[in-house]
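[1] model the structure of this input:
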Amino acid sequence: MKRLIPDTIFARLFALIVLAILVSHLATFAVLFGFYGERLPPSPEHRFEPAPQGTFGLPGNHRPPMQPPWQGKLPPPHAPEFKPMREGGPPPGLWIGLVTQFIALTIAAWFGARVLARPIQRQARAAAQLGETLNSPLLDEEDGPAEARQAAQVFNQMQRRIRAHIDERERFLAAVSHDLRTPLTRMKLRLERPDENIQTDRLLSDIDEMAMMLNATLDYLRDESMVEEQQKLDIHALLDSMAEDARENGRDVTLAGEARPIWTRPLTLRRALSNLIENALRYGHKAAITLTDAPTSLVIEIRDAGQGIPADKLEAVFEPFVRLETSRNKAYGGVGLGLSIAREAARQCGGELTLKNADGGGLLAMISLPRAT
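    Model prediction:
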């Protein structure tokens, strides 16, 4: 239910001051009139006798003697109901009233300070806990005035961003370590066949790929380049080069279809494709790549010849370090980061990665990338 009066610090402070003034004045009136007797009686009635007509303007200005202008008697100066102010200052009751007001306002200010400081104290304790552990509980965003609730929301958002930033860095470092295994494996296999002249160029290509990964990692950690800039990429040439590299090492990788160049983040997209191809080869023994071009999108499909994944686990496998031992043999290795890295990379390129079991067997991974319009 919406409040008629906003629950803000100003409203609370204003209500508190009004209440303090009201209470202090009530206490003052109680002291002045409750402990010092009744009020003075009304002054005696005055009744003036009119002067006789025709007495003014007579020769000799004869006037009758004037009558007293009042009837009744005034109380004696020191009667109980006559209480003039004491000489030299106000009566004691006024002093007591002022002291009562001061005490009431002091107590109200003390309680007010506690009420107003409580949300700030909670935030200070939460900040201290956040410095000790990122898993500290969030602040209650429904408690306190509007300003305190807003501050709690901002603090919780900051805590979530810090936690997400640390988690992202940890995943990024794990992803880079995972990605470096691919060019290292290719280099190892090529060094075992040094008699082929083409291996020198391929080794240099692998070294360049590793250098790009390491440079991107350093840039990320230094906050110099949080997001890779988009460039025009010949996606068919990239996939053809990756397929050829795999075939040189005895892997079954094919490429079908054509596609126009696309504006994307080349290194990030290569990371996604490399992980999907390696995942298909590891668990499905082959990778059939198909390009489907459209005016507004580009779809890259990578199909393997493995056992597939249970339908209820198609999303779970995208979680970091998740491996399905029931359908994927543990002997194939891996730490369960490939699909997680691939989806994150696809999303950084503005696309999306989905999985489904292909008709006739095998797992089908699809990356859909938008084209700039």
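[2] for the rest of this, base every contact and every neighbour count on C-alpha atoms.
    Fine.
[3] where exactly do the strands run in the protein?
    Secondary structure of the chain, counting by DSSP state E: strands at 231-233, 253-256, 262-264, 287-293, 297-303, 352-357, 363-370.
[4] including mean neighbour count, distance to residue 279 and mean pLDDT, could those go into CSV?
    Listed next are those as CSV, based on neighbours: other Cα atoms under 10 Å; distance: least, Cα to Cα, whole Å; pLDDT from 0 to 100:
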stretch, mean neighbour count, distance to residue 279, mean pLDDT
strand 231-233, 13, 23, 93
strand 253-256, 18, 12, 95
strand 262-264, 21, 23, 94
strand 287-293, 20, 9, 95
strand 297-303, 21, 10, 95
strand 352-357, 19, 12, 94
strand 363-370, 22, 10, 95
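[5] closest one to residue 114 among those?
    With Cα to Cα, the closest approach to residue 114 among these belongs to strand 352-357: 51.9 Å.
[6] what pairs with the closest one, parallel or antiparallel?
    Sheet partners assigned to strand 352-357 using DSSP bridges are listed as strand 363-370 (antiparallel).
[7] contacts for the partner strand, please.
    Where contact means Cα atoms under 8 Å, 6 or more residues apart in numbering, the residues beyond strand 363-370 that reach it are 276, 280, 284, 296-309, 346, 349-358.
[8] quick one, that strand and strand 297-303 angle?
    Strand 363-370 and strand 297-303 meet at an angle of 170 degrees, taking axes from the mean of the first three to the mean of the last three Cα atoms, to 10 degrees as the criterion.
[9] how close does residue 338 get to residue 235?
    21 Å (Cα to Cα, to the nearest Å).
[10] between the two, which one's more packed in?
    For the pair residue 338 and residue 235, the greater number of neighbours falls to residue 338 (26 against 22), based on other Cα atoms under 10 Å.
[11] circling back to that earlier point, indicate which one of the strands of the chain is closest to residue 135.
    Counting by Cα to Cα, residue 135 lies closest to strand 352-357 out of the strands of the chain; the figure is 30.0 Å.
[12] just the CA atoms of the closest one, as CSV, please.
    C-alpha atoms of strand 352-357 as CSV (Å, rounded to 0.1, in the frame of the first residue of the first chain):
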residue,chain,number,x,y,z
GLU,A,352,24.1,-16.5,-29.2
LEU,A,353,25.2,-20.2,-28.9
THR,A,354,22.7,-23.0,-28.6
LEU,A,355,22.9,-26.7,-28.6
LYS,A,356,20.5,-29.4,-29.8
ASN,A,357,20.7,-33.1,-30.6
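[13] number of nearby residues for the residue lying closest to residue 340 once chain neighbours are set aside?
    For residue 340, ignoring the flanking residues on the chain, the nearest one in space by Cα to Cα, 6 or more residues apart in numbering is residue 318 at 4.6 Å. When counting by other Cα under 10 Å, one arrives at 22 neighbours for residue 318.
[14] so residue 318 sits against residue 343, correct?
    Yes. Residue 318 is within contact range of residue 343, at 7.3 Å (criterion: Cα atoms under 8 Å).
[15] give the residues shared as contacts by the two.
    Overlap between the contact sets of residue 318 and residue 343, as judged by Cα under 8 Å, 6+ apart, is nil.
[16] show me the contacts for residue 269.
    Residue 269 sits next to 345-346, 349 when contact means Cα under 8 Å, 6+ apart.
[17] filter those to the buried ones?
    Neighbour counting over the contacts of residue 269 (16 or more other Cα atoms under 10 Å) leaves 345-346, 349 as the buried ones.
[18] same list (the residues you listed) but as a markdown table, adding pLDDT.
    Shown next, in a markdown table, are the buried ones among the contacts of residue 269 (pLDDT from 0 to 100):
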| residue | pLDDT |
| --- | --- |
| 345 | 88 |
| 346 | 92 |
| 349 | 91 |
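[19] where exactly do the helices run in the stretch 251-373 of the chain?
    Applying DSSP state H, counting those that start in this stretch to the stretch 251-373 of the chain gives helices spanning 266-284, 338-348.
[20] now the ones you listed as JSON lines including distance to residue 104?
    Written out in JSON lines, the entries for those read as follows (distance: least, Cα to Cα, whole Å):
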{"stretch": "helix 266-284", "distance to residue 104": "68"}
{"stretch": "helix 338-348", "distance to residue 104": "62"}
